[in-house]
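A.B. asks: with the input below, show me the fold.
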Amino acid sequence: MADCLAAVITDFNRELELSRVPLPELAPASVLIRVDAATLCGTDAHRWQGHLRAATPFVPGHETCGTIVEMRGELRDILGEPLKVGDRIISSYPHCGHCYYCGVARQTSLCPQVIVFGSSKPSALLGGCAEYHYFPPGGSLIRIPDDVPPPLAASAACALRTVMHGYEQLGPVESHETVLVLGSGPLGLYSLAVARDRGARKVLIIGAPDTRLAVAREWGADAVLDLDATPDVNHRIAWVREHTDGRGADIVFQCATSAVVAEGLEMARPGGRLVSIGVGGGPVTLSPMIFFKQVRINGVAMAEARHFYQAIDFLATRRRQFTFDRIISGTYTLDKATEALRRMAAFQEVKPLILPRVSS
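C.D. replies: Model prediction:
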């Protein structure tokens, strides 16, 4: 086995090409996995559209769960347990380990040399839309429990781990607090689930389309607002205040685009907190007076290794409280990856699953 099949983005907004990609030579402390499942999120759609920086050609997919088929050296998982061929894992993003951000600030997601999956040239084999995936040295490997299926484990490798990072930035959620989630994609739905789990008094969500809002209702949202049916921002702000005794939300999770940060600040109560996760959407204009509300703002960039572990643990231990499988929508093969990206860009999917094979 000298190569494998991969779906490659050769030009933006164009059909992906199926290519044979050579398997890389393993560096010391690296791993090669056979892809069990890859899931897509909005970032993959934005890269395909050319809205986020990525040089073509590249293999998309940065949420990947797989089974170890080869490893270079004796490796251990994030808990220090030995790994072996046949173990199922995900990997955090590899980082250099010796820069200011890695060694002093301990913010490895900000490492200038961090290796981000899903946007590298095909020969690197660093994207999930392939039969195999290379995990370079420098990342942490998280073992997948038997009761976490591959599609959900894959989704933990981006959406849920980023949400866990966001809640760490936020701090405690008090039992009297209302959490407002802006956006009902995977980030928003997982933010809702964690808010519910951490004891928020009330959880509100604004998003679209209704297929996503149906999952939000099932996962315990106290009230939902259909964004498509409420185009006026003033009506949306009024809706939030109606559900918060006129104050605004104690906590706002921005899981849509950076463009709605200003709206989120208007929806937060004075002295509240806002966590911004969603990216893109163009420039953000803020009124100077908004800062007199004394709202604390936290931005989130990807995640640390511990957040990957927390995400997998959340899926394993909360599966009776939440129907996590509802977040996985359509299932596609490698030759249908273009359709998955197109539907994701059109908000017709929640989180599409890519299987590492071609349709028969």
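A.B. asks: point out where this structure drops to low pLDDT.
C.D. replies: For the chain, applying pLDDT under 70 flags the ranges 1.
A.B. asks: repeat that for 50
C.D. replies: Across the chain, nothing is flagged by pLDDT under 50.
A.B. asks: quick one, helices of the stretch 51-200 of the chain?
C.D. replies: Assigned by DSSP state H, counting those that start in this stretch, the stretch 51-200 of the chain shows helices spanning 100-103, 150-155, 161-170, 186-197.
A.B. asks: so who does the residue nearest in space to the middle of the chain touch?
C.D. replies: Centroid-nearest residue in the chain: A159, 2.0 Å away (criterion: Cα atoms, centre = their mean). Applying Cβ atoms under 8 Å, 6 or more residues apart in numbering, we find A159 in contact with C41, E63, G185, P186, L187, Y190, K351. Any C-beta I mention is one placed from the backbone N, CA and C, and that applies to glycine too.
A.B. asks: now do the domain split for the chain, please.
C.D. replies: 3-161+303-355, 163-299 (automatic domain parsing).
A.B. asks: now do the first one: distance to the chain's middle.
C.D. replies: The chain centroid and the centroid of domain 3-161+303-355 are separated by 10 Å, computed with Cα atoms, centre = their mean, to the nearest Å.
A.B. asks: how long is it from one end to the other?
C.D. replies: End-to-end span of domain 3-161+303-355 (Cα to Cα, to the nearest Å): 17 Å.
A.B. asks: go on, the shortest one?
C.D. replies: From its first residue to its last, domain 163-299 covers 11 Å (Cα to Cα).
A.B. asks: number the residues from 894 up from this point.
C.D. replies: With 894 as the first residue, the last one maps to domain 1056-1192.
A.B. asks: so how far is that domain off the chain centroid?
C.D. replies: 17 Å.
A.B. asks: if we can go back for a sec, which one among the contacts of A1052 gets closest to R1213?
C.D. replies: Y1083 (16.7 Å; Cβ to Cβ).
A.B. asks: return the residues in contact with the closest one.
C.D. replies: A1052, L1053, V1056, I1220.
A.B. asks: among these, which two are most distant?
C.D. replies: The widest separation within these (Cβ to Cβ) is 11.9 Å, between V1056 and I1220.
A.B. asks: okay, the two: which has more neighbours?
C.D. replies: V1056 (32 against 23; other Cβ atoms under 10 Å).
A.B. asks: not counting sequence-adjacent ones, nearest residue to that one?
C.D. replies: In this structure, V1056 finds its nearest non-sequential neighbour in Y1083, 4.4 Å apart by Cβ to Cβ, 6 or more residues apart in numbering.
A.B. asks: many thanks, we can stop here.
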